[in-house]
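S.K.: next one to model:
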Amino acid sequence: MFRIRNSSFWLVFTSFVLPSASLVLTIYALSFFLLEYFADSPELISYAELLNTLPVLLGFLFIGLAVDRFHRKHLAVVSLLLRLLFSALAMLFLYYDFIVATFAMLFARMFFHKLFATMEMAIIQGLLQEHEYVQAASLKQLINGILALSGSFIALFIYRKFGMTGIMAIDCLFTLLATLFISRARIPLAACLPNGRHQHHRLRQSLVTFWTETKLGIRYVWSSWTFRSILFIYMVFGIANAFIATLPLYSLRFVLADGVETYQQYAATFSFMLGLAFALGSLGYSLIGKALHPGKTVKTTLILLPMLFLTLGFIHHAMLFFAIVFIIGLTIVILNVTIGAWLPKIVAPAYMGRTYALLDPASLSMKSMALLLCGWLYPKLLTLPMMYVLFSLLIAIGAAIVWRFITYDHA
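M.R.: Numbering: from 1, shown residues only. I've put the predicted structure just below:
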């Protein structure tokens, strides 16, 4: 099914999977920790999610330009080493109960994780042929599904046995292994330096160059309605991600569960159902994805998402709740893989880093605003069902904008 015969691709891909897996474990464990010891302040979940959002949002200009102008393999190794440093510091501060300092280290760690992740996507584009992009996008979603499928149970087990310190120790180990893997990959110079070596000197000589290159990236993304439409889709992704990260957890903790242990089991089941949907959806898409028109697929999934989110807010039976979560997972993975397989076909290699680095902030800015809105409104001003109505309405408005303006001149 995944017939990519390129050893360097597998080394780079593995170096992405390992820190991503440890990141999933830390996110799950952090939610367990906050809702166990700070149940009276559920807004902390929303604010904790900002730790995974703001570093990328604040540094997106640097990330995109760095990916396109510096040696990608060298920068990937450096970003992993810095990620390892901040993970180790976070583990140390956790051991001594310096929670504020721990959050600051997690904030910095996420910046360098995103820098590496953007680098990995750009490198993989240079390693694969066009007909392999769908396989690579489906494989990435499959791995994400497997991580979501098993990550919550693994995180719960480690958290109960060793606490957050044990989770952070695993994060350090996986990051170190990822550094070793990518350092052994043989990556063509054209994939590492798509714009040539001479660009480094110009970049160092003048900040004007920095801004000029950034404007070129923005102008490139805004060059056609196809790119603009994808930008709007990423904004919808941001709101949907904020929804998934907060409201279902509140439902599990305050509506469906009767205690902390029940909540933790339900939270693991929630992640399992979401991961199962990601895994099955990725496998299915790898088989039939080429036969699907990207435009029709995007429109169909955008219709379903707000309807499913709204339905989820008024369910009081656990099994039915998890069934709807599974359908939501299938819808999200189909939309995500469609966009993931479409982008490498239409984006020039020299602009891949800046394109991703502009699309992600569109998603992350909407996610940040939605998280802040959630932390402000719930539980002080709005009830949980009203929060579901509000988020569903926001996603429906975003979907309507995409429906109105999306075109497929590059599809």
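
S.K.: count of neighbours near the residue nearest to Val260 when sequence neighbours are not counted?
M.R.: Among residues not flanking Val260 along the chain, Glu36 sits closest, at 5.5 Å (C-beta to C-beta, 6 or more residues apart in numbering). Yep, even glycine has a C-beta here, placed from its N, CA and C like the rest. For Glu36, the neighbour count with other C-beta atoms under 10 Å is 14.

S.K.: same thing with Met105?
M.R.: For Met105, using other C-beta under 10 Å, the count is 22.

S.K.: next one: Glu261
M.R.: Neighbours around Glu261, by other C-beta under 10 Å: 11.

S.K.: buried sites along the host helix or strand of it?
M.R.: If you go by DSSP states H and E, Glu261 is part of helix 260-288. For helix 260-288, the neighbour count (16 or more other C-beta atoms under 10 Å) marks 263-283, 285-286 as buried.

S.K.: ok, now stretch 87-99?
M.R.: Those would be 87-91, 93-94, for stretch 87-99 by 16+ other C-beta under 10 Å.

S.K.: same question, stretch 382-394
M.R.: 382, 384, 387-388, 390-392, 394.

S.K.: widest-spaced pair of the residues you listed?
M.R.: Comparing every pair within the buried residues of stretch 382-394 by C-beta to C-beta identifies Leu384 and Leu394 as the most remote, at 15.9 Å.

S.K.: other residues contacting stretch 253-267?
M.R.: 28, 31-32, 35-36, 39, 42, 152, 156, 249, 252, 316, 318, 321, 384 (C-beta atoms under 8 Å, 6 or more residues apart in numbering).

S.K.: go again using 10 Å as the cut-off
M.R.: Residues from elsewhere that reach stretch 253-267, judged by C-beta atoms under 10 Å, 6 or more residues apart in numbering: 28, 31-32, 35-37, 39, 42, 45, 152-153, 155-156, 159-160, 248-249, 251-252, 270, 313, 315-318, 321-322, 379, 384-385.

S.K.: for the chain, name the helix or strand with the lowest mean pLDDT.
M.R.: Lowest mean confidence among the helices and strands of the chain (mean pLDDT, DSSP states H and E): helix 198-205, at a mean of 51.

S.K.: what's the average pLDDT for the helix or strand that contains Tyr28?
M.R.: Assigned by DSSP H and E, Tyr28 belongs to helix 7-37. For helix 7-37, the mean pLDDT works out to 82.

S.K.: in that helix, what counts as buried?
M.R.: By 16+ other C-beta under 10 Å, the buried positions in helix 7-37 come out as 8-9, 11-13, 15-35.

S.K.: got the angle for that helix vs helix 260-288?
M.R.: Inter-element angle recorded for helix 7-37 and helix 260-288: 150 degrees (by axes from the mean of the first three to the mean of the last three C-alpha atoms, to 10 degrees).

S.K.: how far does helix 7-37 sit from the chain's center?
M.R.: Distance of helix 7-37 from the chain centroid (C-alpha atoms, centre = their mean, to the nearest Å) equals 11 Å.

S.K.: now do stretch 241-259
M.R.: In terms of C-alpha atoms, centre = their mean, the centre of stretch 241-259 is found 20 Å from the chain centre.

S.K.: in it, which residues are buried?
M.R.: 241-253, 256-257.

S.K.: mind checking the pLDDT average for it?
M.R.: 85.

S.K.: next, the distance between the ends of that stretch.
M.R.: 26 Å (C-alpha to C-alpha, to the nearest Å).

S.K.: tell me the confidence at Gly353?
M.R.: So, for Gly353, pLDDT stands at 64.

S.K.: next one: Leu82
M.R.: 93.

S.K.: nearest residue to it other than its sequence neighbours?
M.R.: Residue nearest to Leu82 in three dimensions, not counting chain neighbours: Phe112, with 4.6 Å by C-beta to C-beta, 6+ apart.

S.K.: quick one: secondary structure of the one you found?
M.R.: Look at Phe112: counting by DSSP: H, G, I helix; E, B strand; the rest coil, its state is helix.

S.K.: quick one: it and Pro19, what's the gap?
M.R.: Noted for Phe112: a distance of 10 Å to Pro19, by C-beta to C-beta, to the nearest Å.

S.K.: next, show the common contact partners of those two.
M.R.: Counting by C-beta under 10 Å, 6+ apart, the common neighbours of Phe112 and Pro19 are 79-80, 83-84, 87, 175.

S.K.: which among these gets closest to Thr102?
M.R.: The closest of the shared contacts of Phe112 and Pro19, once distances to Thr102 are taken by C-beta to C-beta, is Ser87, at 10.7 Å.

S.K.: helix or strand for that closest one, which one?
M.R.: Using DSSP H and E, Ser87 falls in helix 72-95.

S.K.: ok now that helix, how far from the chain's centre?
M.R.: Counting by C-alpha atoms, centre = their mean, helix 72-95 is centred 19 Å from the centre of its parent chain.

S.K.: wait, what's in contact with the closest residue to Ala370 other than its chain neighbours?
M.R.: Sequence neighbours aside, Ala242 is the residue nearest to Ala370 in space, at 3.5 Å (criterion: C-beta to C-beta, 6+ apart). Listed by C-beta under 10 Å, 6+ apart, the contact set of Ala242 reads 46, 49-50, 53, 363-364, 366-374, 391, 394-395.

S.K.: so Ala242 is in which element?
M.R.: According to DSSP H and E, Ala242 maps onto helix 225-251.

S.K.: that older thread, can you select the buried ones from the contacts of Ala242 in PyMOL?
M.R.: Here is the PyMOL command that selects the buried residues among those (16+ other C-beta under 10 Å):
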select buried, resi 46+49+50+53+363+364+366+367+368+370+371+372+373+374+391+394+395
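
S.K.: among the contacts of Ala242, which are in helices?
M.R.: Of the positions in those, 46, 49-50, 363-364, 366-374, 391, 394-395 sit in helices, assigned by DSSP state H.

S.K.: returning to that earlier point: now the residue nearest to Ala370: how far from Lys345?
M.R.: To Lys345, Ala242 is 29 Å away according to C-beta to C-beta.

S.K.: and the spatially closest residue to Phe237 that is not a sequence neighbour, what does it touch?
M.R.: Leaving aside its chain neighbours, Phe237 sits nearest to Ser363 (4.7 Å; criterion: C-beta to C-beta, 6+ apart). By C-beta under 10 Å, 6+ apart, Ser363 lies in contact with 53, 56-57, 231, 233-242.
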